[in-house]
Every structure is written in structure tokens, then in C-alpha cells.
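S.K.: give the three-dimensional model of this entry:
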Amino acid sequence: MLTKVIEQSKIDRFTKWFERADKIVIVSHVSPDGDAIGSSLGLYHFLDSQDKTVNIIVPNAFPDFLKWMPGSKDILLYDRYKEFADKLIAEADVICCLDFNTLKRIDDMGAAVAASQARKVMVDHHLHPEEFCDITISHPTISSTSELVFRLICRMGYFSDITREGAECIYTGMMTDTGGFTYNSNNREIYFIISELLSKGIDKDDIYRKVFNTYSESRLRLMGHVLANMKVYAEYDSALISLTCAEQNCFDYIKGDSEGFVNIPLSIKNVCFSCFLREDTERPMIKISLRSVGTFPCNQFAAEFFNGGGHLNASGGEFYGTMEEAVKVFEQGLKKYKPLLCKA
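M.R.: Numbers count the residues shown, from 1 in each chain. All right, here's what the predicted structure looks like:
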């Protein structure tokens with residue numbers, strides 16, 4: 001049995017919306033990751049099984065290693081089909097906002113979502129949700145938004161209508177947002193959910209291979225290059241890796257090639273905090289990825305130094321400036337957080 005995490009009043013209210021709605025739009029955050037796509041497709045397959053007209057819209061492209069997921073080819077990219085996407089958003093009866101807690105996380109699409117007269121529901125697991133939805137289902141202690149989608153469907157009484165395709169997507173979101181169940185994954189109910197998803201016929205070993213073992217040769221060589229230039233701060237039990245646009249070009253970088261890089265330095269003995277700085281290829285900024293083990297608060301570090309946030313052990317942010325400046329800011333942060341780093 002699962003704990004009833006979501007308030008019954010919110011379940012009842014969303015169920016009424018769902019029963020009355022014909023057109024439903026699902027939106028998720030910029031640079032969609034496994035949980036964004038997994039939760040969106042998991043909900044999409046359920047709604048589609050109920051004969052609803054459903055569209056998923058995301059701000060921009062998502063990694064190739066997620067494109068095997070059932071339904072992924074029908075996801076609409078806002079930066080390519082803005083006019084059509086705006087029409088769908090404006091005409092929607094319900095908009096489901098998944099895996100983000102503030103409109104700025106969906107970039108230019110935020111204005112269209114805010115202006116739509118559709119009823120809006122947020123399903124998310126990040127801290128400090130903004131109040132732009134009529135129903136806010138926000139639970140930061142839950143491992144992933146995909147897990148929340150599973151819980152929502154079950155609480156509505158529709159577990160039997162979760163298809164194998166939907167289960168594959170939900171499992172993928174849960175798996176990727178916990179690093180293959182290596183962090184934020186100590187709640188035993190996660191494994192009850194996995195067993196229920198297995199009952200739908202998913203092959204979790206095959207899903208793992210499709211996500212983590214289908215990279216290109218150039219991606220592997222890129223990883224070697226990044227690790228060769230890694231800097232370890234032994235006095236802070238921390239490590240830093242970085243990737244410039246020039247380096248990405250040298251290795252024929254495609255979206256998603258650096259996925260998981262930030263976790264690798266944590267395999268070094270005594271390293272409890274890892275930072276990955278990557279120059280964005282689409283905007284003049286540096287993307288910040290932070291990971292930790294133990295009690296070190298990545299989200300606090302991200303919020304203070306990189307205008308970001310997230311979870312205790314997995315967070316991110318942005319930096320507008322040069323790579324050298326970003327490194328200096330990171331090193332300043334290490335000095336301030338040394339007491340926490342040394343006891344994490």
C-alpha cells in the first residue's frame with residue numbers, strides 16, 4: 001500500500017476536471033530531462049486511454065536517448081512550432097504543468113500558459129512552487145514527478161488503465177531522476193511502485209540499456225576529455241568538471257551527450273560534492289549541474305551562487321558570464337561552505 005501523499009480534496013477536484021475536459025495540454029520545463037519527458041508521456045498515455053485529446057508541448061528539444069519512449073515522436077517543440085502550440089494552449093480545457101514550479105522554467109511558453117483560460121494543475125517535486133495554477137500538487141520529498149503522476153492516477157482509481165507504454169515512461173522518469181536509484185531513493189514505497197510497474201509488463205533492464213547504453217563513440221571520447229581536465233579540491237572534498245562550446249564542437253556534441261557527467265566525480269573516494277559547468281549551445285549562458293552525497297545541500301549552494309535550486313543531492317542553476325568567472329564563483333562557494341562539506 002502507498003501512503004496517501006496527495007490531499008484528497010485535490011484528487012477530487014482534478015478528477016472532476018478530467019471527467020469534463022476534452023482538450024488537455026501537458027507542458028514541461030526547458031531542456032527536458034528524463035523525468036520531464038517520462039512524467040509527461042506517462043500522463044499522456046493514461047489520458048489518451050480515456051479518449052481525451054492530449055498534446056505534450058515542451059520549450060525545446062530533448063535528448064536522443066529518450067526518443068525511444070512510446071509517444072515521444074508526437075511531442076511538440078515550442079521553439080519550432082510556436083504558433084500552433086499557442087493555439088493548442090489557448091484552446092485547452094486543462095493544462096497540466098509537470099516537473100516545474102515557476103513559469104520562468106518554461107521560457108517563452110510561460111506567457112501563453114499564463115494567458116490561457118484553461119484550468120491549470122501543477123504536479124511537481126521542487127521546492128517553493130509559485131502560485132500560477134488552480135491546483136498545486138507539490139511534494140519535494142517525492143523522488144520524481146513521474147512517481148507523483150503514478151500516485152495521482154492510482155488515487156483517481158485508474159491503476160488498471162495504466163498501459164505498458166505508460167508504465168515504461170513513468171519508470172524511465174523515476175529511474176533517471178534518481179540516477180538509476182542511487183540518490184533520493186531510500187523510500188521503500190518507490191520499490192512498491194516499481195513492482196506495480198513491472199506487473200504492467202515493462203522490462204526495466206531493457207529500459208536501462210536504452211537510456212544509459214546507447215551513446216555514440218564521440219560521447220565516450222568527450223567524457224574522457226572532460227575527466228582528463230577535472231579539478232579535484234581535496235581540501236573541500238569536491239570536484240569540478242567543465243565543457244565549453246568549442247570543446248563540444250570538437251566532439252560533435254548533440255543534446256544529451258553530457259547527461260550523467262556530473263555524477264562521475266562522486267565515485268572518487270572522499271568526494272561528496274560535484275559541479276559541472278557547461279556552456280549552453282543555444283543561449284549565452286553557462287548551465288550549472290550540482291550533485292552531492294550525504295547531507296551536503298546542493299540546492300542551497302545553487303540558490304546562493306547560481307540563481308538555481310532543486311533537491312538536497314541534485315540541483316542546478318545558471319550563470320551569465322565567462323567560464324573563468326563561473327569557476328571563481330564556484331570556488332568562492334567552496335570556501336563559504338567548507339564546514340558543511342567537511343562533515344557531509
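S.K.: list the buried ones in the longest helix along the chain?
M.R.: In the chain, assigned by DSSP state H, the helix with the most residues is helix 323-341. The neighbour-count check on helix 323-341 (16 or more other Cβ atoms under 10 Å) flags 323, 326, 327, 329, 330, 333, 334, 337, 340, 341 as buried. Just so you know, the C-beta spots here come from the backbone N, C-alpha and C atoms, and that holds for glycine as well.
S.K.: stretch 23-40 now?
M.R.: For stretch 23-40, by 16+ other Cβ under 10 Å, it's 24-40.
S.K.: now the strands for the stretch 201-344 of the chain?
M.R.: Listed in chain order, the strands of the stretch 201-344 of the chain (DSSP state E, counting those that start in this stretch) span 231-233, 238-243, 273-279, 286-292, 309-310, 314-319.
S.K.: so what does the second one touch, helix or strand wise?
M.R.: Counting contacts by 3 or more Cβ pairs under 8 Å, 6 or more residues apart in numbering; DSSP states H and E, the secondary-structure elements packed against strand 238-243 are helix 217-228, strand 231-233, strand 273-279, helix 323-341.
S.K.: the second one pairs with which strands?
M.R.: Put plainly, it is strand 231-233. Strand 231-233 has the following strand partners under DSSP bridges: strand 238-243 (antiparallel).
S.K.: what ranges do the helices span in the stretch 1-150 of the chain?
M.R.: 8-20, 34-49, 82-91, 109-115, 145-155 (DSSP state H, counting those that start in this stretch).
S.K.: residue 171: neighbour count?
M.R.: 25 (other Cβ atoms under 10 Å).
S.K.: tell me which residues touch the residue sitting furthest away from the middle of the chain, please.
M.R.: In terms of distance from the mean C-alpha position of the chain, residue 235 ranks first, at 31.3 Å (Cα atoms, centre = their mean). Counting by Cβ atoms under 8 Å, 6 or more residues apart in numbering, residue 235 makes contact with residue 338.
S.K.: before we move on, what about the one 10 residues further on?
M.R.: Residues counted as contacts of residue 245 (Cβ under 8 Å, 6+ apart) are 279, 281.
S.K.: ok, now how distant is it from residue 203?
M.R.: 38 Å (Cβ to Cβ, to the nearest Å).
S.K.: go through stretch 153-160 and flag the buried ones.
M.R.: Buried residues in stretch 153-160 (16+ other Cβ under 10 Å): 153, 154, 155, 156, 158.
S.K.: what's the pLDDT at the spatially closest residue to the fourth one that is not a sequence neighbour?
M.R.: The shortest distance from residue 156 to any residue other than its chain neighbours is 5.3 Å, reached at residue 15 (Cβ to Cβ, 6 or more residues apart in numbering). On the pLDDT scale, residue 15 is placed at 97.
S.K.: please apply the same query to residue 255.
M.R.: pLDDT recorded at residue 255 is 87.
S.K.: what about it, distance to residue 131?
M.R.: Applying Cβ to Cβ, the value for residue 255 to residue 131 is 32 Å.
S.K.: which one of the two is surrounded by more residues?
M.R.: Applying other Cβ under 10 Å to residue 255 and residue 131 shows that residue 255 carries more neighbours, namely 17 against 7.
S.K.: wait, the more buried one sits on residue 67?
M.R.: No. Residue 255 sits out of contact with residue 67 when judged by Cβ atoms under 8 Å, with a separation of 10.4 Å.
S.K.: that older thread, the helices and strands packed on strand 238-243: which one's closest to residue 120?
M.R.: strand 273-279 (31.7 Å; Cβ to Cβ).
S.K.: quick one: strands adjacent to the closest one?
M.R.: strand 238-243 (parallel), strand 286-292 (antiparallel).
S.K.: need the ones you listed in JSON lines (columns: distance to residue 303 and mean pLDDT).
M.R.: Shown next, in JSON lines, are these (distance: least, Cβ to Cβ, whole Å; pLDDT from 0 to 100):
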{"stretch": "strand 238-243", "distance to residue 303": "18", "mean pLDDT": "98"}
{"stretch": "strand 286-292", "distance to residue 303": "11", "mean pLDDT": "96"}
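S.K.: the helices of the stretch 1-150 of the chain: which one's closest to residue 220?
M.R.: Counting by Cβ to Cβ, residue 220 lies closest to helix 34-49 out of the helices of the stretch 1-150 of the chain; the figure is 19.8 Å.
S.K.: that closest one: how far from the chain's middle?
M.R.: 13 Å (Cα atoms, centre = their mean, to the nearest Å).
S.K.: now it against helix 145-155, angle please.
M.R.: Using axes from the mean of the first three to the mean of the last three Cα atoms, to 10 degrees, the inter-axis angle of helix 34-49 relative to helix 145-155 is 30 degrees.
S.K.: tell me the angle of helix 34-49 relative to helix 8-20?
M.R.: Here helix 34-49 runs at an angle of 50 degrees relative to helix 8-20 (the same axes, to 10 degrees).
S.K.: helices and strands of the protein: which one bottoms out on pLDDT?
M.R.: Least confident helix or strand of the chain, by mean pLDDT, DSSP states H and E, is strand 309-310 with a mean of 87.
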